[in-house]
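**Student:** Prediction below, plus the sequence it came from.
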Amino acid sequence: MSTDTVLKADGVTRRFGRFTALKDVSVSFNRGRLTSIIGPNGAGKSTLFNVLSGAFPPSEGRIYYEDREITGTPQHAFPRMGIAKSFQITNVFPQLTAVENVRVALQAMTNRFTLWRSRTSFPELQEKAEALLDQVGLDRHRHRNAGNLAHGEQRCLEVALALACEPRLLLLDEPTAGMSPEETRVMMDLIEGLAAERTVILVEHKMKLVMGISDQLIVLHHGELLAEGTPADIQSNDDVKRVYLGQRT
Amino acid sequence: MAGYPIELIVMQLFTGLALGTVFVLLAVGLSMVFGLLTVVNFAHGAFYTVGAYTGVFLFGLTGNFWVCLVGVPLVVGTIGLVVERFLVRPLYGRGIDYPLLLTFGLAYVLVELVRIAFGTSGVPFSAPPSLQGALNLGFGYFPLYRVFLVGFTTVLLIGLWLFIERTRYGLVIRAGARDPEIVRVLGIDVSRVWLLVFGLGTAVAGLAGLLAAPMRGVIPEMGIPVLVEAFVVTVVGGMGSLAGAVVAGLLVGVVVSMTSLFAPAFADMSMFALMALVLVIRPQGLFGRAGLMGG
């Protein structure tokens, strides 16, 4: 594994019953780069995302992170390895306030045997949580219940949760799904800023959205790897043009 | 209400509250375990029985009620930890009926073990001498033990509330009640939280058994009606809601106690009538299910 590679999928196949969602996909993701996984609906993007982020193991093949194999590693171990993710569907705790949401995520990273030191470490956690909310532009909404935030704000909060573990690798599954154009712009700016400091893998349905900000693109089609390369390579790729033809994205 | 002196009504109200505190303790454990683990714990009544008998055993050993008050939740909680870790845990993700059947069977095993160890007939257990007698509450004399029961349960519930609202463990519990999957993705080993909650739930059930023993007697079958009562309270309060368990527990206690004063023949069915009424008006229970502390 080259030192530039952070995450690698090697011959990954994933079946659901008799349906093969992902067929022998081998891809690697470079350190410090923003790589987008694109493809039409049903291309296997989310399946690849879930396999890479440990939501479920591949049926065949292996996943490597930095220098070790992580195939089958339990979900809760990922943040401690420096890998964070946010899902396609909004995942925040609606009944907790924004700042409490972030605190849950921060706590996950503290030593579990110090969980009881609630008084002493409280201010420090609170400060960190507030700083993360600032970073995603939610400083004004600290004490509102997450469930009462607008959709776009909830997605930003979700990014703050993912950042709590100070990830070296950030995986985002369609972070702009269901967003207004204005919310989408805010989110894409946020992602671009985050990508300056860490490796980011972004799953996106809308190809146009990621062209400008991606260093690398991976195109899936019918569960198979269709093309891989820089945005310029992909734009001139005939296979990709054919697949996306007629899809005004 | 003619013919009933006001003192009697007030006394009966207080009796209802004392009875209600036992309901609250039972429902809190049942509701917490359901709210977080989605496990309908049919062994809850058996843990209550085990709690009472552990109290009898520890009292025989030490002669000290206060030792029992500390020892019973520890012993029963430990049994709960073992049960969650080795019996319930393999069943997660298989649907709600698997742990239900397991705990149903476990209840029979636990009660049978109690019968083998302590015999099939009841054993005597009375309040410690320091809690016997009566206390003048201004409106009349009231058994001291029941006053203690109300006070002790209040302190215990405040402690539990502080634990859930103010500690970092509690924050994870509140978060996990809604969506264990996100908690896991954020890097928390949820199975540890579930283990803790199950242990806590059974410890509180055991404690309820000990506390109820001087009032309601100690027999191997004591957990059966209690399981029904705990479910009624949980349904009335709203599955998974701690606040609901408290309000509904006290409400059911008062309703039962008042009915037995004014219409004794209906005392046993009054709580079911209340449950039916609540289900018609608010099917999700008084406090719904918006997370553990929801509502």
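**Tutor:** Received the coordinates, thanks. Numbering: from 1, shown residues only, chains lettered A, B, ... in the order given.

**Student:** check which helix or strand covers the closest residue to chain A within chain B.
**Tutor:** With CB to the nearest CB, the shortest gap between chain B and chain A falls at residue B:187, namely 3.0 Å. For the C-beta atoms, the positions are set from N, CA and C on the backbone; glycine is no exception. Assessed by DSSP states H and E, residue B:187 sits outside every helix and strand.

**Student:** from memory it sits against residue A:81, does it?
**Tutor:** No - in this structure residue B:187 lies outside contact range of residue A:81 using CB atoms under 8 Å: 9.3 Å.

**Student:** Find the nearest non-adjacent residue to the residue of chain B closest to chain A, please.
**Tutor:** Among residues not flanking residue B:187 along the chain, residue A:79 sits closest, at 3.0 Å (CB to CB, 6 or more residues apart in numbering or on different chains).

**Student:** check which helix or strand covers that neighbour.
**Tutor:** Going by DSSP H and E, residue A:79 is in helix A:78-81.

**Student:** could you point out which element follows that helix?
**Tutor:** Per DSSP H and E, the first helix or strand lying C-terminal to helix A:78-81 is strand A:83-86.

**Student:** Give the pairing partners of that next one; include direction for each.
**Tutor:** With DSSP bridges as the test, strand A:83-86 is paired with strand A:169-173 (parallel).

**Student:** Quick one: distance of the strand it pairs with to the chain centre.
**Tutor:** The chain centre lies 2 Å from the centre of strand A:169-173; the measure is CA atoms, centre = their mean, to the nearest Å.

**Student:** buried set for that strand?
**Tutor:** If you call a residue buried by 16 or more other CB atoms under 10 Å in any protein chain shown, then strand A:169-173 has these buried ones: A:169, A:170, A:171, A:172, A:173.

**Student:** and residue B:40, that's in a helix?
**Tutor:** No - going by DSSP: H, G, I helix; E, B strand; the rest coil, the assignment for residue B:40 is coil, not a helix.

**Student:** surely it meets residue B:31?
**Tutor:** No - applying CB under 8 Å, one finds residue B:40 not in contact with residue B:31, separated by 10.8 Å.

**Student:** what about the residue of chain B closest to chain A, neighbour count?
**Tutor:** For residue B:187, the tally of surrounding residues (other CB atoms under 10 Å in any protein chain shown) stands at 23.

**Student:** re earlier: pick out whichever of residue B:40 and residue B:31 has more residues nearby.
**Tutor:** residue B:31 (33 against 19).

**Student:** Next up, identify which helix or strand the closest residue to residue B:163 other than its chain neighbours is on.
**Tutor:** Leaving out its chain neighbours, the residue that sits closest to residue B:163 by CB to CB, 6+ apart is residue B:170, at 5.2 Å. According to DSSP H and E, residue B:170 maps onto helix B:168-178.

**Student:** now swap in residue B:126 and tell me
**Tutor:** Judged by DSSP H and E, residue B:126 forms part of no helix or strand.

**Student:** Next, work out how far apart the residue nearest to residue B:163 and residue A:127 are.
**Tutor:** Residue B:170 is 20 Å from residue A:127, where distance means CB to CB, to the nearest Å.

**Student:** go on, residue B:278?
**Tutor:** Residue B:278 sits at a distance of 44 Å from residue A:127 (criterion: CB to CB).

**Student:** Give the helix, strand or coil label for residue A:32.
**Tutor:** Assigned with three-state DSSP, residue A:32 falls in the coil class.

**Student:** Could you do residue B:75 as well?
**Tutor:** Secondary structure, three-state DSSP: residue B:75 is helix.

**Student:** Enumerate the residues of chain A near chain B.
**Tutor:** For chain A, the residues in contact with chain B (CB under 8 Å from any CB of the partner chain) are A:74-80, A:85, A:87, A:91-96, A:100-101, A:103-105, A:107-109, A:112, A:115-116, A:118, A:125, A:161, A:164-165.

**Student:** in stretch A:84-101, what's buried?
**Tutor:** Of all the residues in stretch A:84-101, those buried under the rule 16+ other CB under 10 Å are A:84-88, A:90-101.

**Student:** With stretch B:117-125 instead?
**Tutor:** Of all the residues in stretch B:117-125, those buried under the rule 16+ other CB under 10 Å are B:118, B:123, B:125.

**Student:** And for the first one, nearest residue in space, chain neighbours not counted?
**Tutor:** This means residue B:118. Closest to residue B:118 by CB to CB, 6+ apart is residue B:53, at 5.6 Å.

**Student:** What about that neighbour, how many residues nearby?
**Tutor:** Neighbours of residue B:53 using other CB under 10 Å come to 28.

**Student:** Double-check that it belongs to a strand.
**Tutor:** No - counting by three-state DSSP, residue B:53 is not part of a strand but helix.

**Student:** how about residue A:25, what does it touch?
**Tutor:** For residue A:25, the contact set (CB atoms under 8 Å, 6 or more residues apart in numbering or on different chains) comprises A:9, A:11, A:12, A:13, A:44, A:48, A:61, A:220, A:223, A:224, A:225.

**Student:** can you give me the strands for chain A?
**Tutor:** Remark: strands assigned in chain A by DSSP state E are A:5-16, A:19-30, A:34-38, A:60-65, A:68-69, A:83-86, A:169-173, A:199-204, A:216-221, A:224-229.

**Student:** Please name whichever of those strands is nearest to residue B:209.
**Tutor:** strand A:83-86 (44.8 Å; CB to CB).

**Student:** any residues touching the closest one, and which ones?
**Tutor:** Under CB under 8 Å, 6+ apart, the answer for strand A:83-86 is A:49, A:53-54, A:65, A:78, A:155, A:158-159, A:161-165, A:167-173, A:175, B:185.

**Student:** coming back round to it: between residue B:170 and residue A:127, who's got more neighbours?
**Tutor:** Higher neighbour count among residue B:170 and residue A:127: residue B:170, with 18 against 10, using other CB under 10 Å.

**Student:** looking at it, the more buried one is touching residue B:159, isn't it?
**Tutor:** No - when contacts are counted by CB under 8 Å, residue B:170 is not listed as touching residue B:159 (11.3 Å).

**Student:** Can you get me a residue count around residue A:139?
**Tutor:** Using other CB under 10 Å, residue A:139 has 14 neighbouring residues.

**Student:** Grab the nearest non-local neighbour of it.
**Tutor:** Closest residue to residue A:139 apart from its sequence neighbours, by CB to CB, 6+ apart: residue A:133 at 5.4 Å.
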